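Asks: requesting a structural model of the entry that follows:
(chains A, B, C and D)
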Number of protein chains: 2
Amino acid sequence: MKNKIKIARAIKDVTQGTLADEIGVSRQTINALEKGKYVPSTVLALKLAAFFGQSVEELFSLEDED
Amino acid sequence: MKNKIKIARAIKDVTQGTLADEIGVSRQTINALEKGKYVPSTVLALKLAAFFGQSVEELFSLEDED
DNA sequence: ATATAAAGTAAAATAAACTTTACATTTTTT
DNA sequence: AAAAAATGTAAAGTTTATTTTACTTTATAT
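Replies: Model prediction:
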């Protein structure tokens, strides 16, 4: 699964740390997500999408191996 | 987090078992999701939403305690 | 009414998400 | 150039998702 968190974050010009605070997760979770280390829960995905004013489908996309 | 899987499944008239097969998870996972036992990963949410032709936001919604 | 399919449930096991702490590197600001 | 902020990373620990097996109950079909 791919995501555009880093891009969305750049557009909004917000730091990993403040994003983490806004969403209520650790900064390492944001960092790991951006790095593709793991797939977030749907709760997290919904919160991130809402924060960036995008749909989950816009922010996250399935890949062949999913 | 709430979801409308049971309703979407009724509309499509598909069984927990065949849905599970289509998506590639166990039948108990579908059952547990419908029963609100846990929150799926974003990969699963995207697959379910795609299967039902809905957006993740339509199929899943955050609640206050999230 | 009996057989069969579907749904509910539960316990144990495994895998994966997420946190915490802590430190190293890179980028930005002064 | 030095300081400060942001990012990258990693290991250990906790929590939660998901599977497997297996059994019970409810609904549907014959």
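
Asks: leaving out sequence neighbours, find the closest residue to residue A:54.
Replies: Spatial nearest neighbour of residue A:54, chain neighbours left out: residue A:8 (6.7 Å); criterion: C-beta to C-beta, 6 or more residues apart in numbering or on different chains. To be clear about C-beta, it is placed using only N, CA and C from the backbone, and glycine gets the same treatment.

Asks: which parts of the helix or strand hosting the one you found are buried?
Replies: Using DSSP states H and E, residue A:8 sits in helix A:5-12. Within helix A:5-12, the residues scored as buried using 16 or more other C-beta atoms under 10 Å in any protein chain shown are A:5, A:8, A:9.

Asks: could you do stretch A:16-34 as well?
Replies: A:16, A:19, A:20, A:23, A:25, A:29, A:30, A:33, A:34.

Asks: so which strand or helix has residue A:30?
Replies: Assigned by DSSP H and E, residue A:30 falls in helix A:27-34.

Asks: so for that helix, mean pLDDT?
Replies: Mean pLDDT, helix A:27-34: 96.

Asks: what packs against it?
Replies: If contacts are counted by 3 or more C-beta pairs under 8 Å, 6 or more residues apart in numbering or on different chains; DSSP states H and E, helix A:27-34 sits against helix A:5-12, helix A:16-23.

Asks: for residue B:53, find the nearest of the ones you listed.
Replies: helix A:5-12 (25.3 Å; C-beta to C-beta).

Asks: residues in contact with the closest one?
Replies: A:15, A:16, A:19, A:30, A:33, A:34, A:48, A:52, A:54, A:59 (C-beta atoms under 8 Å, 6 or more residues apart in numbering or on different chains).

Asks: residue B:42 versus the third one, what's the distance?
Replies: It refers to residue A:19. Separation of residue A:19 from residue B:42 (C-beta to C-beta, to the nearest Å): 17 Å.

Asks: next one: residue A:21
Replies: From residue A:21 to residue B:42 the distance is 21 Å (C-beta to C-beta).
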